[in-house]
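Colleague: got a structure for you, letters missing:
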């Protein structure tokens, strides 16, 4: 997911990888604490990727004029995810085929 977020942030070097990784992990933890089943917080799920992208765009760097817009978008996606049984119900190995 790091590479996708770096692309969304228009970052092409590795100088900020640590900070971006911390933001990704913070977002995932926040989603889990909000009620999203940890088994559904996947690096390949489009809705999770969009939530993490908006979170990172909101909180990465200083003097971000668009931060509030990205926070609202993230909160909207989080609300949707938390109200959807597909995301709040743990996925078992049988359901994933693993």
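Modeller: All right, it came through fine. If you're wondering where the values come from, they're calculated on a predicted model, not measured in any experiment. Residues are numbered from 1 along each chain as shown.

Colleague: just checking, what packs against the top helix by length along the chain?
Modeller: In the chain, assigned by DSSP state H, the helix with the most residues is helix 17-34. Secondary-structure packing of helix 17-34 (3 or more C-beta pairs under 8 Å, 6 or more residues apart in numbering; DSSP states H and E): helix 2-9, helix 46-59, helix 67-82. C-beta here means a position set from N, CA and C on the backbone, and glycine is covered the same way.

Colleague: what's the angle from the second one to helix 67-82?
Modeller: Just to be clear, that refers to helix 46-59. 150 degrees (axes from the mean of the first three to the mean of the last three C-alpha atoms, to 10 degrees).

Colleague: Give the other helices and strands that helix 46-59 contacts.
Modeller: helix 2-9, helix 17-34, helix 67-82.

Colleague: which parts of stretch 71-78 are buried?
Modeller: 71, 73, 74, 77, 78 (16 or more other C-beta atoms under 10 Å).

Colleague: Could I get the contacting residues of the residue most central in space within the chain?
Modeller: Closest to where the C-alpha atoms of the chain average out (C-alpha atoms, centre = their mean) is residue 52, at 2.0 Å. Neighbour list for residue 52: 1, 5, 24, 27, 28 [criterion: C-beta atoms under 8 Å, 6 or more residues apart in numbering].
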